[in-house]
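**Student:** Structure of the sequence below:
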Amino acid sequence: MNTMKKLFYLLTVFTLTATAVSCSNDDDHLTVEEQLTPSQTLSSTPWQTTGA
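**Tutor:** Numbering: from 1, shown residues only. From the prediction side, this is the model:
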């Protein structure tokens, strides 16, 4: 019985470890936002005086 318990725990740890390690980082599909020129950055910023 003790051997079966150790085997079960070992199998569980192995399964959880294999599952966590096999997950890959798939951030390659994210789109990269293009850089704005300084004038585009200024024109896209809402100013406090705009609402006055």
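**Student:** hey, where'd the helices end up in the chain?
**Tutor:** Using DSSP state H, the helices assigned to the chain run over residues 2-22, 38-44.
**Student:** Would you reformat the ones you listed as TSV and include mean neighbour count?
**Tutor:** For the C-beta atoms, the positions are set from N, CA and C on the backbone; glycine is no exception. Below are the helices of the chain laid out as TSV (neighbours: other Cβ atoms under 10 Å):
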stretch	mean neighbour count
helix 2-22	9
helix 38-44	9
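**Student:** Turn these into CSV, columns for mean pLDDT.
**Tutor:** Below are those laid out as CSV (pLDDT from 0 to 100):
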stretch, mean pLDDT
helix 2-22, 89
helix 38-44, 83
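**Student:** Isn't S44 up against T37?
**Tutor:** No - counting by Cβ atoms under 8 Å, S44 does not reach T37; the two are 10.5 Å apart.
**Student:** Pull the distance from stretch 13-21 to the chain's centre.
**Tutor:** 19 Å (Cα atoms, centre = their mean, to the nearest Å).
**Student:** Check stretch 33-44 too.
**Tutor:** From the chain centre to the centre of stretch 33-44 is a distance of 26 Å (Cα atoms, centre = their mean).
**Student:** For it, output the C-alpha coordinates as CSV.
**Tutor:** Output of stretch 33-44 as CSV, limited to C-alpha atoms (Å, rounded to 0.1, in the frame of the first residue of the first chain):
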residue,chain,number,x,y,z
GLU,A,33,1.7,49.1,-32.3
GLU,A,34,3.4,51.5,-34.7
GLN,A,35,5.4,54.4,-33.3
LEU,A,36,3.7,57.8,-33.6
THR,A,37,5.6,60.9,-34.6
PRO,A,38,5.8,63.7,-32.1
SER,A,39,3.1,65.7,-33.9
GLN,A,40,0.8,62.7,-34.0
THR,A,41,1.3,62.2,-30.3
LEU,A,42,0.5,65.8,-29.5
SER,A,43,-2.6,65.8,-31.7
SER,A,44,-3.9,62.6,-30.1
